[in-house]
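Asker: Provide a 3D model corresponding to the input given below.
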Amino acid sequence: MSNSTLNPLTLTFGNAELEKKFLDSYHQRAVVRFRWAIALAIFLYSVFAVLDSVSVGPLWSWIWFIRFAIVNPVLIVCFLLSFKKGFFIRHYQEIASLGILAGGGGILAMLALIPDPALYLYSQGLMLVLIYNYTFLGLRFVRASLNCLLIILGFELVSLWVNPLPRHVFINNNFFLISANLIGMAVAYYLERLNRDNFLHGISMRKLAEVDSLTGLLNRGFFMDEAKRLLSRRESNGELSAFCILDLDRFKEINDTLGHLLGDEILMNLGQVIARKMRSSDLIGRLGGDELGFFFPEVKNEVDILNIFMKLKTEFQTISQGVEWPVTFSVGCITFGRELRDLFQCYARADRALLRAKQNRDFLVMVDSAEKIVLERKL
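Answerer: Numbers count the residues shown, from 1 in each chain. Coordinates of the predicted model:
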């Protein structure tokens with residue numbers, strides 16, 4: 001896939017549009033998991049409060065204030081934001097990081113207050129925060145690593161200057177925190193790399209299922225499905241739409257006389273020209289053999305459609321100059337407004353217009369929704 005290179009350090013795609021599509025897809029799939037993870041975090045943060053009165057003595061009220069007046073409300077806000085779907089998808093990483101930093105910051109605040117020996121027990125809570133940070137919440141590798149760096153720096157500050165730990169406890173806790181962080185970074189890196197590889201693989205598989213391998217245009221099934229979908233969503237805005245069928249003139253004779261390989265080359269050339277010349281809003285697919293379908297959701301007028309195919313013909317004949325045969329095509333079109341929404345009616349009327357065009361060859365015949373000819377012109 002073009003421009004899908006992955007930065008090995010930041011794990012981002014070189015293509016900004018591809019990166020956005022990946023993040024949107026990734027975050028949408030993570031919403032339900034995020035809610036369960038935050039709900040579990042609130043539960044665990046609350047349950048551990050049972051131990052506070054036993055472990056910290058008179059300080060339990062301060063610890064409860066940290067738990068229930070600061071951390072849990074932040075986690076609840078994160079949970080509720082997950083129901084604002086559009087906003088949440090756009091700011092998933094920031095919201096998940098807020099939850100992690102609130103949980104880690106709450107434990108650091110407790111460590112700043114709690115005396116020995118309970119102080120040694122509460123520092124283990126940071127391990128749970130690290131597990132959440134690197135696995136449950138679906139944070140990206142870079143974001144998760146930054147979160148843990150801030151938490152570990154906070155631990156160093158609290159343990160060295162605010163409420164110092166004995167040297168051997170400080171060294172022991174750092175060993176486990178840093179080791180867990182390195183393991184978590186490796187896991188997060190591997191998981192994100194795997195997710196991105198699977199995303200690219202999924203796009204490739206969808207492309208194989210949607211695209212005709214010879215022309216590079218949409219295959220018949222996907223083209224028809226998309227045309228139906230677009231027709232059903234058309235609004236009453238006064239705009240014209242058009243459905244056209246293009247058919248190469250005397251293509252069977254080309255195959256029989258010059259060979260199927262040359263016929264395939266002509267179709268590939270036509271596909272390349274169309275890919276370069278058509279607008280991104282236009283829908284083009286190979287209907288079968290040498291027939292191509294075109295659905296234009298919005299066109300200004302009939303002359304606009306004629307100009308599209310005349311430019312297409314000029315470019316196509318330029319690229320086909322080496323072929324020892326005059327390569328031309330005929331086109332049948334139907335233009336319509338909101339009154340026509342049935343794809344098969346569009347197809348049938350465009351096909352009848354095509355039959356008329358092919359009687360003269362190198363012609364375009366255009367009809368309206370009542371099958372009245374509105375334009376008939378040599379290309």
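
Asker: after the strand or helix carrying Phe170 comes which helix or strand?
Answerer: Using DSSP states H and E, the element containing Phe170 is helix 167-210. Later in the chain than helix 167-210, the nearest helix or strand by DSSP H and E is helix 220-232.

Asker: can you name every helix or strand that that following helix contacts?
Answerer: strand 283-288, strand 291-299, helix 343-360 (3 or more C-beta pairs under 8 Å, 6 or more residues apart in numbering; DSSP states H and E). C-beta: built from backbone N, CA, C; applies to glycine.

Asker: contacts for that helix next, please.
Answerer: Applying C-beta atoms under 8 Å, 6 or more residues apart in numbering, the contact partners of helix 220-232 are 209-212, 217-218, 241, 243, 283-288, 293, 295, 297, 341-343, 346.

Asker: of those residues, buried ones?
Answerer: Listed as buried from these are 210-212, 217-218, 241, 243, 283-287, 293, 295, 297, 343, 346; burial here means 16 or more other C-beta atoms under 10 Å.

Asker: what comes up buried for the one helix or strand Thr318 maps to?
Answerer: Applying DSSP H and E as the criterion places Thr318 in helix 302-319. Within helix 302-319, the residues scored as buried using 16+ other C-beta under 10 Å are 302, 305-306, 308-309, 312-313, 315-317, 319.

Asker: which elements pack onto that helix?
Answerer: On a contact count with 3+ C-beta pairs under 8 Å, 6+ apart, helix 302-319 meets strand 240-248, helix 260-277, strand 291-299, strand 329-336, strand 363-367, strand 373-378.

Asker: output these as TSV; include the columns mean pLDDT.
Answerer: Shown next, in TSV, are those (pLDDT from 0 to 100):
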stretch	mean pLDDT
strand 240-248	91
helix 260-277	84
strand 291-299	89
strand 329-336	92
strand 363-367	92
strand 373-378	89
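
Asker: for the one helix or strand in the chain whose mean pLDDT sits lowest, the distance to its chain's centre please.
Answerer: Using mean pLDDT, DSSP states H and E, helix 118-122 stands out as the lowest-scoring helix or strand of the chain, at a mean of 79. Distance of helix 118-122 from the chain centroid (C-alpha atoms, centre = their mean, to the nearest Å) equals 45 Å.

Asker: ok, now stretch 13-25?
Answerer: The gap between where stretch 13-25 is centred and where its chain is centred comes out at 6 Å by C-alpha atoms, centre = their mean.

Asker: picking that back up, can I get the buried residues of helix 302-319 in JSON lines including pLDDT and distance to Leu75?
Answerer: Compiled in JSON lines, those are given as follows (pLDDT from 0 to 100; distance: C-beta to C-beta, whole Å):
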{"residue": "Glu302", "pLDDT": "86", "distance to Leu75": "61"}
{"residue": "Ile305", "pLDDT": "88", "distance to Leu75": "57"}
{"residue": "Leu306", "pLDDT": "90", "distance to Leu75": "62"}
{"residue": "Ile308", "pLDDT": "88", "distance to Leu75": "56"}
{"residue": "Phe309", "pLDDT": "90", "distance to Leu75": "60"}
{"residue": "Leu312", "pLDDT": "88", "distance to Leu75": "58"}
{"residue": "Lys313", "pLDDT": "87", "distance to Leu75": "63"}
{"residue": "Glu315", "pLDDT": "86", "distance to Leu75": "59"}
{"residue": "Phe316", "pLDDT": "84", "distance to Leu75": "61"}
{"residue": "Gln317", "pLDDT": "81", "distance to Leu75": "66"}
{"residue": "Ile319", "pLDDT": "77", "distance to Leu75": "61"}
